[in-house]
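# Here's my sequence, what's the structure:
(chains A and B)
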Amino acid sequence: MNLWWAVIATCLGCYLLKYAGLAAPRKVLDHPAVKRFATIVPVALLAALIAVQSFGQGFDGPRTAGLAAAVIALLLRAPFLLVLVVAAVVTGLLRITGM
Amino acid sequence: MTARHDAVRAGLGVGIAVGVSGLAFGAAAVTAGLSVAQACALSLFAFTGASQFALAGVVAGGGALVPGVAGALLLGARNGLYGLRLATLLPARFRALTAHGVIDETSAVAFAHPGEARAGFYTTFASLYVTWNVGTLLAAVGASRVADPTVFGLDAVGPATFLALLWPRLKESAEDRKVAVAGVVIALAATPFLPAGIPVLLAAAGALVVLVK
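Here you go, the predicted model:
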């Protein structure tokens, strides 16, 4: 398989997957069980994503500390962007200092 | 500050913070052996980070391309699930264009701002699309040396972003907390045994557990 075909197949497939959910028939979307599933499933997906991105490739001290700092910032009601900055700075600093 | 400002600000913030990872993708792609045009095509037309990194990884490892594409699509499958919810929040008129923007970040911002889902979704889509593609191009042509996102702690920004966006829902709803914990446990338990992409999809089953009760 030529590399270009792989790129094109990935682009096309990814687009169709995105489109499929949006284009689900209204009747399906309005079904109470589907509605409830659709409302709650992002929580499961995003929580899983947080876990996999954080620990999927093994435990990493600085990254874990950065996330812990983000949790503390959230508990202290820090604004959204500050939470991201705190996570990056704590992780980056610990890495630079080799801790 | 209005709810709309809040949604727009979050969208711009995510666009800038996560978009920087476009640099990492551009660098990873050309290092893997993709051409600059191929790297840019992926960011322009696939526009879903996890799938793009997965394909670049397979190319780098000299792996077979057909399973490589299949792996990338597995990672993209969750976008279809976000669509089920977004379908009722976003206008149907521009569906073909809107669909291109259905990814983790845009969905997370939209869901985090109920009432202003549209503003959150489209702001994130626009800002992230620009930064992701500019980043890919800059790194692919070698204009940037940010090959390793771990240096600046950028690898913590992705999970911190989703955590911050999910936070209000977790604080408010015990049911959402249960679903989130189930999702985390399922995904981490499955990660050592299953190909990338499947653990997160399996976590959707965590939502089913709450539903059947």
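
# Where do the helices of chain A begin and end?
With DSSP state H, the ranges of helices along chain A come out as A:3-22, A:26-30, A:32-55, A:61-75, A:80-96.

# packing partners for the second one?
Counting contacts by 3 or more Cβ pairs under 8 Å, 6 or more residues apart in numbering or on different chains; DSSP states H and E, helix A:26-30 packs against helix A:32-55. Yep, even glycine has a C-beta here, placed from its N, CA and C like the rest.

# likewise the last one?
Counting by 3+ Cβ pairs under 8 Å, 6+ apart, the packing neighbours recorded for helix A:80-96 are helix A:61-75, helix B:3-19, helix B:157-172.

# next SSE after the last one?
Going back to what we said before, that points to helix B:157-172. helix B:174-190 (DSSP states H and E).

# for that next one, packing partners?
helix A:32-55, helix B:157-172, helix B:198-212.

# Tell me how far the shortest one lies from the chain's centre.
Going back to what we said before, that points to helix B:198-212. Relative to the centre of its chain, helix B:198-212 is centred 18 Å away, using Cα atoms, centre = their mean, to the nearest Å.

# how's chain A carved up into domains?
As recorded under automatic domain parsing, the domains making up chain A are A:1-30, A:42-99.

# Reformat the helices and strands packed on helix B:174-190 as CSV; add mean pLDDT.
Below are those laid out as CSV (pLDDT from 0 to 100):
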stretch, mean pLDDT
helix A:32-55, 92
helix B:157-172, 92
helix B:198-212, 83
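
# Minimum distance to B:A72: which of those helices has it?
Closest of the helices and strands packed on helix B:174-190 to B:A72 is helix B:198-212, at 12.8 Å (criterion: Cβ to Cβ).

# Who are the packing partners of that closest one?
Applying 3+ Cβ pairs under 8 Å, 6+ apart, one finds that helix B:198-212 makes contact with helix A:32-55, helix B:78-86, helix B:174-190.

# Looking from chain A, tell me which residue of chain B is nearest.
Distances between chain B and chain A by Cβ to the nearest Cβ are smallest at B:G83, namely 2.0 Å.

# Contact partners for B:A72?
The contact partners of B:A72, by Cβ atoms under 8 Å, 6 or more residues apart in numbering or on different chains, come to A:T10, A:G13, A:C14, B:A46, B:S51, B:Q52, B:A54, B:L55, B:V58.

# and A:F80, which of the helices and strands packed on helix B:174-190 is closest to it?
helix B:157-172 (5.4 Å).

# Say whether chain A is contacted by the closest one.
Yes. For helix B:157-172 and chain A, the contact criterion (Cβ under 8 Å from any Cβ of the partner chain) is met by B:157-167, B:169-170.

# mind listing what's buried in that helix?
B:157-167, B:169-170 (16 or more other Cβ atoms under 10 Å in any protein chain shown).

# ditto for stretch B:29-38
Residues of stretch B:29-38 classed as buried: B:A29, B:V30, B:A32, B:L34, B:V36, B:Q38 (neighbour count, 16+ other Cβ under 10 Å).

# Double-check B:F53 against B:F25; I have them as touching.
Yes. At 6.3 Å, B:F53 and B:F25 qualify as touching, with contact defined as Cβ atoms under 8 Å.

# quick one, which of the two is more surrounded?
Neighbours were counted for B:F53 and for B:F25 using other Cβ atoms under 10 Å in any protein chain shown; B:F25 has more, 23 against 20.

# List phi and psi for the more buried one.
phi -70, psi -50 (degrees, to the nearest 10).

# Give me whichever of the helices and strands packed on helix B:198-212 is most buried.
Mean neighbour count (mean count of other Cβ atoms under 10 Å in any protein chain shown) peaks for helix B:78-86 among the helices and strands packed on helix B:198-212, with a mean of 25.

# Give me the contact list for whichever helix or strand comes after it.
Helices and strands here follow DSSP H and E; after helix B:78-86, the next one along the chain is helix B:95-100. For helix B:95-100, contacts defined as Cβ under 8 Å, 6+ apart pick out A:Y15, A:K18, A:Y19, A:L22, A:A23, B:F47, B:G83, B:L86, B:L90, B:P91, B:F121, B:F125.

# got a list of what the first one touches?
Taking Cβ under 8 Å, 6+ apart, we find A:Y15 in contact with B:F45, B:A46, B:A99, B:H100.
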